[in-house]
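J.: Return a 3D structure for these sequence lines:
(one chain, ligands or ions: 2)
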Amino acid sequence: MKRIVILGSTGSIGASTLDVVSKFPDRFQVVGLAAGSNDQILEDQIRAFHPKVVALSNTDAAKRLRERVDTTQIEVLEGEPGLCDVAKFPECDLVISAIVGGAGLKPTLSAIQAGRQVALANKEPMVMAGQLMQQEALKHGVTIFPIDSEHSAIFQSMEGHRKIDIRRVVLTASGGPFWDWSASDLEHVTLEQALKHPNWKMGDKITIDSATLMNKGLEVIEARWLFDIPSAHLDVVIHRESIIHSLVEYCDGSVISQLGHPDMRTPISYAMNYPERVPLLPPLLDLGKIGKLTFSPPNTEKFPCLQLAYDALAGGAGLPATLNAANEVAVHAFLKNQIAFLDIPKVIQETMSAYSPTPLATIEDVLHVDQWARQTAKEMMKTCVTPV
Ligand code: NAD
Ligand code: MG
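T.: Ligands and ions are numbered 1, 2, ... in the order given. Predicted coordinates:
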């Protein structure tokens, strides 16, 4: 029986994780759950899975929840310290990190520093502080298992192979809903259109990131630190069908990849059960019926966010954290209909241009850059965007 904590349990990855748990009740026991502000969903999850401790970052929501559950049976914590306490809950074997955004950095780090194994969906902390997180993981004997489908595919394609034989890693990208739109059509993208992903049902933030291709940029940076592969060996290809989840090319010309229906329960369950596989038994992958798989190079002129992510990796220091923070601010504003779709890369680019490098030695340094970049991006939004 594996005892698990889920950070971000009320979200899309959280729900898929709990779905895997309910399919294999003999394998997993949920000991802790944490989320942002949805006390209603968390209450339902408490009744279904009986965790010992939960936390909500929103203190009002935590208060409401305390009034509705039996607090002699369950501890309800609040705020960031509460999330960190759930992350390092002692009777736990694996922490599923699935909060969205930089808000997941401290809780995920708490889990690592407490020596918990981590299954990582929350890519933003890896973008902000990948090197520091891996250093901490090494220090505390922690393995970070990827949940992101591309990284799970890379991980699976590296199994049984020597890392020095890798020539390059190719991340696949669906291209999002606007892949074949013209540059002028992109000026008129609506929020509703951007929230309709062709292949995946996900949280709002990552859905917008997929539409701008920033998601792939974040994933390139995530792969850089998860697998310790320099960016010169990390490529991206557009693959509309989301069947091939990424590829690893070896020095002898062999290309190994992992295929499957686009269903996050597959990579989630692989990270949870590694090195075993469990019978999720989705419909068979009928390639004869799918007929063809298509590929094309990414267009970074129409979708500059991907290039900005490569630039951030090349610049190093706090530039990836700056990219991430500016993106979070811009996407948040787009989700509130305050800026246009094409303003998102503009805000990020302007914020990155304003960054002057300082050494990043500690997590506090990262958080300082993050705060500065959020503030700067908000300032940039006043000047560099077109009114909606
Ligand atoms: P979501 O918006 O559906 O859920 C986010 C979760 O984080 C919720 O439980 C929410 O309550 C919690 N949260 C938000 N702000 C918080 C805060 N300040 N403090 C504590 N908790 C907070 O998002 P999602 O689609 O499940 O994505 C979660 C993460 O996984 C993201 O980093 C995303 O990039 C990554 N990811 C998601 C998918 C997917 O298919 N959804 C695939 C790969 C990677
Ligand atoms: Mg992904």
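
J.: okay, CA-based contacts and neighbour counts for the rest of this
T.: Noted.

J.: got a list of what the residue in the stretch 201-350 of the chain that ligand 2 sits nearest to touches?
T.: Nearest to ligand 2 in the stretch 201-350 of the chain, going by CA to the ion, is Glu219, at a distance of 6.7 Å. Glu219 makes contact with Lys123, Glu150 under the criterion CA atoms under 8 Å, 6 or more residues apart in numbering.

J.: Secondary structure class of it, three-state.
T.: Under DSSP: H, G, I helix; E, B strand; the rest coil, Glu219 falls in the helix class.

J.: now the one 5 residues further on
T.: Look at Arg224: counting by three-state DSSP, its state is helix.

J.: Residue numbers of the stretch 151-300 of the chain in contact with ligand 1?
T.: Taking CA under 6 Å from any ligand atom as the criterion, the stretch 151-300 of the chain approaches ligand 1 at residues Met202, Gly203, Asp204, Ile206, Met264.

J.: Please repeat the previous calculation with a cut-off of 5 Å.
T.: Contacts of the stretch 151-300 of the chain with ligand 1, taken as CA under 5 Å from any ligand atom, map to Met202, Gly203.

J.: So which residues of the stretch 151-300 of the chain form helices?
T.: Applying DSSP state H, counting those that start in this stretch to the stretch 151-300 of the chain gives helices spanning 183-186, 191-194, 204-212, 214-226, 265-273, 287-290.

J.: coming back round to it: mind checking pLDDT for the residue of the stretch 201-350 of the chain closest to ligand 2?
T.: Looking at Glu219, its pLDDT is 99.

J.: With the one 3 residues further on instead?
T.: Looking at Glu222, its pLDDT reads 98.

J.: Quick one: end-to-end length of stretch 175-186, please.
T.: End-to-end distance of stretch 175-186 (CA to CA, to the nearest Å): 14 Å.

J.: can you tell me which residues contact Asp370?
T.: Counted by CA under 8 Å, 6+ apart, Asp370 has contacts Ala321, Thr322, Ala325.

J.: Do you have the strands of the stretch 51-200 of the chain handy? List them.
T.: 53-56, 75-78, 94-97, 117-120, 144-146, 166-173 (DSSP state E, counting those that start in this stretch).

J.: where's the residue of the chain positioned farthest from its centre relative to Tyr274, distance?
T.: For the chain, the residue at maximal distance from the C-alpha centroid (CA atoms, centre = their mean) is Thr72, at 34.5 Å. Here the criterion is CA to CA. By it, Thr72 lies 35 Å from Tyr274.

J.: same question, Lys346
T.: Plainly put, Lys346 is 41 Å away from Tyr274 if you go by CA to CA.

J.: Neighbours of the nearest residue to Asp263 once chain neighbours are set aside, how many?
T.: Distance criterion CA to CA, 6 or more residues apart in numbering; nearest residue to Asp263, sequence neighbours excluded, is Trp200 at 7.6 Å. Using other CA atoms under 10 Å, the number of residues around Trp200 comes to 15.

J.: Verify the contact between Trp200 and Arg265 for me.
T.: No: counting by CA atoms under 8 Å, Arg265 is not a contact partner of Trp200; they are 11.8 Å apart.

J.: pLDDT weak spots in the protein?
T.: Along the chain, the model assigns pLDDT under 70 to residues 387-388.

J.: How about the residues of it by ligand 2?
T.: Asp148, Ser149 (CA under 5 Å from the ion).

J.: Quick check: bridge partners of Leu77?
T.: Under DSSP bridges, the beta-bridge partners of Leu77 are Ala55.

J.: Next, work out how far apart it and Leu120 are.
T.: 22 Å.

J.: Now do the strands in the stretch 201-350 of the chain.
T.: In the stretch 201-350 of the chain, the strands defined using DSSP E, counting those that start in this stretch lie at 234-238, 244-250, 255-259.

J.: so which of those strands is the most packed in?
T.: Between the strands of the stretch 201-350 of the chain, strand 244-250 has the highest mean count of neighbours, a mean of 23, where neighbours are mean count of other CA atoms under 10 Å.

J.: any chance of the strands of the stretch 201-350 of the chain in a markdown table, plus distance to Asp44?
T.: As requested, these are arranged in a markdown table below (distance: least, CA to CA, whole Å):
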| stretch | distance to Asp44 |
| --- | --- |
| strand 234-238 | 39 |
| strand 244-250 | 33 |
| strand 255-259 | 34 |
